[in-house]
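Student: What follows is a predicted structure for the sequence shown.
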There are 2 protein chains.
Amino acid sequence: MRLVIARCQVDYAGRLTAHLPLAIRLIMVKADGSVLVHSDGGSYKPLNWMSPPCSLNVADPDDDAREDGVTSVWTVQNSKTDDRLVISIHDVIEDATHDLGDDPGLVKDGVEAHLQRLLAENVETFGVGWRLVRREYPTAIGPVDLLCRDETGVTVAVEIKRRGEIDGVEQLTRYLDLLNRDPQLSPVRGVFAAQEIKPQARTLAVDRGITCLTVDYDALRGVDDPSTRLF
Amino acid sequence: MRLVIARCQVDYAGRLTAHLPLAIRLIMVKADGSVLVHSDGGSYKPLNWMSPPCSLNVADPDDDAREDGVTSVWTVQNSKTDDRLVISIHDVIEDATHDLGDDPGLVKDGVEAHLQRLLAENVETFGVGWRLVRREYPTAIGPVDLLCRDETGVTVAVEIKRRGEIDGVEQLTRYLDLLNRDPQLSPVRGVFAAQEIKPQARTLAVDRGITCLTVDYDALRGVDDPSTRLF
DNA sequence: ACTTCGATCTCGTAC
DNA sequence: GTACGAGGTCGAAGT
């Protein structure tokens, strides 16, 4: 990884065009060739960047640029698209390179996929006698998270979210409209399951006859682990 | 901005939990207190980070950690939420601080707002004889991007997106429901215009009788009067 | 202050 | 490889 602190100007042309006026910034060149331009604020997103695969070319400025104080022009060109980042460097304040080696990568826990897997493996969370028809049941407008049958054999579409908001209720409503057109399945009822359901989403769901279920992720994970089972 | 190259382990606990095994990484501490942990690959997103407002506390490791080789423990705590990032530092390879000053910020061109302006100025893109009634036509549930009349005088509501997805079709549907209640306007038909329309969004739109149109931004900018361009 | 929505979204994952 | 949805999304514009 190469870290350069420099007074520079940056221009991006690709999916849009963007321009950064002259200022001191950090330019990070990663081992895979990607380039990030960071200022000393904001959040994790760089002001400008180029994603891999790309290549960096360093050239001398033309006469006009040299007169403006440019000492070096870095062109970062994406190898697949025609996206291009041009960094006009005026002054280099620091330039250091370090070998970081490979990164073992991030391990995450607690995202929606885990919740869906846990619920698929424990459909009795919804009620005794429930059966899973399939996970990611396909429809023309996208897959339904879980398709189940309840203890009476009625089909149930389950929408799972980490945080239940109105969008999720709308999504489930669309699925129910579509599924209920299929005489093989109809009537289909809906369950909206989330770790946390916003009051507005709950109100809308109930108004549409959709059952809401808040799920305790830690408790559900506990069900999976025999050592923590109560009996 | 402080740049530290260090062999470290990182743990995040907040909206999810995440863990980074021991490796050499770049730790960036920005002037606003935010912290970014980058590896030497991937794209612009850090492996882990803490957004402002937050504070950094440096402490000595406890005995267990010290035996594992930890020399210093950095705790970055968000001031608003209870999100917390814990960086266990084993070896510091470099530690440098630079004053970057304020950044004048990014100037962009080519985003959805520009697409809307271009289409408003070139309604014949939709068909010969079309007229623009107005841009941002106000309704009780928000403004319709473009309200037009087609060559037969029928009112058309146009929803514009850079990338057309299901949300946009839902939005247009709500506008059409509302506009069709107005006897002065009814019948109103819909056009969903985007640089790129996802198959699922297209399916839903067609099912609802909405016309889909993919727009070539560069071609449209080509027919545009150069004097009205941003740059 | 709060909400809504776009984004060079990025990133994972299923098909 | 492509397509789709989630995200510790971030950030800006409008209310």
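Tutor: Structure's in. What do you need? If you're wondering where the values come from, they're calculated on a predicted model, not measured in any experiment. Numbers count the residues shown, from 1 in each chain, chains lettered A, B, ... in the order given.
Student: can you list the weak-confidence ranges in chain A?
Tutor: A:110, A:223-231 (pLDDT under 70).
Student: ok, A:G69 - how many residues close by?
Tutor: The tally of other residues near A:G69 (other Cβ atoms under 10 Å in any protein chain shown) stands at 14. From N, CA and C alone the C-beta is placed, and that goes for glycine too.
Student: now swap in the one 5 residues further on and tell me
Tutor: Burial measure for A:W74: 20 neighbouring residues, criterion other Cβ under 10 Å.
Student: Am I right that it is in a strand?
Tutor: Yes. The secondary structure assignment for A:W74 places it in a strand, going by DSSP: H, G, I helix; E, B strand; the rest coil.
Student: Verify the stated contact: it with A:D95.
Tutor: No. The pair A:W74 / A:D95 is not scored as a contact, 12.0 Å apart, by Cβ atoms under 8 Å.
Student: Other residues contacting stretch A:181-188?
Tutor: Outside of stretch A:181-188, the residues that reach it under the criterion Cβ atoms under 8 Å, 6 or more residues apart in numbering or on different chains are A:154-157, A:176, A:179-180.
Student: Show the buried residues in those.
Tutor: With burial judged by 16 or more other Cβ atoms under 10 Å in any protein chain shown, the buried subset of the contacts of stretch A:181-188 is A:155-157, A:176, A:179-180.
Student: now, among these, which is nearest to A:P138?
Tutor: For those, the closest approach to A:P138 (Cβ to Cβ) belongs to A:L179, at 11.2 Å.
Student: wait, doesn't the closest one sit right on A:G142?
Tutor: No. Using Cβ under 8 Å, A:L179 and A:G142 do not qualify as a contacting pair, with a distance of 11.9 Å.
Student: quick one: is the longest helix along chain A near chain B?
Tutor: Looking only at chain A and at elements set by DSSP state H, the helix with the highest residue count is helix A:166-179. Yes. Contact between helix A:166-179 and chain B, assessed by Cβ under 8 Å from any Cβ of the partner chain, occurs at A:167, A:170, A:174.
Student: same check, this time on stretch A:68-78
Tutor: No. Legend: contact between stretch A:68-78 and chain B by Cβ under 8 Å from any Cβ is lacking; minimum distance shown is 11.5 Å.
Student: residues making contact with that stretch?
Tutor: Applying Cβ under 8 Å, 6+ apart, the set of residues contacting stretch A:68-78 is A:9, A:14, A:27, A:33, A:35, A:50-51, A:53-61, A:65, A:83-92.
Student: List the buried residues of that stretch.
Tutor: Of the residues in stretch A:68-78, A:70-78 count as buried by neighbour count, 16+ other Cβ under 10 Å.
Student: can I get these in CSV with distance to B:V133?
Tutor: Written out in CSV, the entries for these read as follows (distance: Cβ to Cβ, whole Å):
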residue, distance to B:V133
A:V70, 49
A:T71, 54
A:S72, 53
A:V73, 48
A:W74, 48
A:T75, 46
A:V76, 45
A:Q77, 44
A:N78, 41
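Student: now, among the residues you listed, which is nearest to A:V123?
Tutor: Minimum distance to A:V123 across the buried residues of stretch A:68-78 is 45.7 Å, recorded for A:N78 (Cβ to Cβ).
Student: is that closest one in a bridge, and if so with what?
Tutor: Counting by DSSP bridges, A:N78 forms beta bridges with A:C54.
Student: can you give me the strands in chain A?
Tutor: With DSSP state E, the ranges of strands along chain A come out as A:2-13, A:17-29, A:35-38, A:48-50, A:54-59, A:72-78, A:84-97, A:107-109, A:131-137, A:144-149, A:155-164, A:188-197, A:211-214.
Student: Now render those strands as CSV, adding distance to B:G101.
Tutor: Formatted as CSV, the entries for those read as follows, by distance: least, Cβ to Cβ, whole Å:
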stretch, distance to B:G101
strand A:2-13, 10
strand A:17-29, 6
strand A:35-38, 13
strand A:48-50, 17
strand A:54-59, 25
strand A:72-78, 21
strand A:84-97, 11
strand A:107-109, 36
strand A:131-137, 51
strand A:144-149, 49
strand A:155-164, 39
strand A:188-197, 42
strand A:211-214, 48
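Student: Compare these and report which one is nearest to B:A113.
Tutor: With Cβ to Cβ as the criterion, B:A113 lies closest to strand A:17-29 of those, at 13.9 Å.
Student: got the buried residues for that closest one?
Tutor: Those buried within strand A:17-29 under the rule 16+ other Cβ under 10 Å are A:18-20, A:23-29.
Student: Over to stretch A:5-18?
Tutor: By neighbour count, with 16+ other Cβ under 10 Å as the criterion, the buried positions of stretch A:5-18 are A:5-12, A:18.
Student: Now narrow those to whatever sits close to DNA strand C.
Tutor: When contact is defined as Cβ under 7 Å from any atom of the strand, those meet DNA strand C at A:12, A:18.
Student: ok, back up a step: and the contacts of the longest helix of chain A?
Tutor: Where contact means Cβ under 8 Å, 6+ apart, the residues beyond helix A:166-179 that reach it are A:139-142, A:144, A:155, A:157, A:159, A:161, A:185-186, A:188-190, A:192, A:194, A:198, A:200-201, A:204-205, A:208, A:210, B:166-167, B:170, B:204.
Student: 6 Å instead, please
Tutor: Among residues not part of helix A:166-179, those counted as contacts by Cβ atoms under 6 Å, 6 or more residues apart in numbering or on different chains are A:139, A:141, A:144, A:157, A:159, A:161, A:185, A:188, A:190, A:192, A:200-201, A:204-205, A:208.
Student: Let me see the domain layout of chain A.
Tutor: Residue ranges for the domains of chain A, per automatic domain parsing: A:2-97, A:112-228.
Student: Out of the ones you listed, the one nearest B:D150 is which?
Tutor: Taking Cβ to Cβ as the criterion, domain A:112-228 is the member of these that comes nearest to B:D150, at 27.7 Å.
Student: neighbours of A:S186, just the number please.
Tutor: When neighbours are defined as other Cβ under 10 Å, A:S186 has 12 of them.
Student: err, A:P61, not the other one
Tutor: By other Cβ under 10 Å, the burial measure for A:P61, its neighbour count, is 17.
Student: Likewise for A:V4?
Tutor: Under the neighbour criterion other Cβ under 10 Å, A:V4 is assigned a count of 21.
Student: Once you drop chain neighbours, what's closest to it?
Tutor: When the adjacent residues along the chain are set aside, A:V4 lies closest to A:I27, with 4.3 Å between them (Cβ to Cβ, 6 or more residues apart in numbering or on different chains).
Student: Hmm, A:R2 is touching A:A96, no?
Tutor: No. With contact taken as Cβ atoms under 6 Å, A:R2 and A:A96 are classed as non-touching, separated by 7.3 Å.
Student: And the closest residue to A:Y217 other than its chain neighbours, how close does it get to chain B?
Tutor: Using Cβ to Cβ, 6+ apart and skipping residues adjacent in sequence, the residue nearest A:Y217 is A:Q195, 5.5 Å away. A:Q195 sits 11 Å away from chain B, going by Cβ to the nearest Cβ, to the nearest Å.
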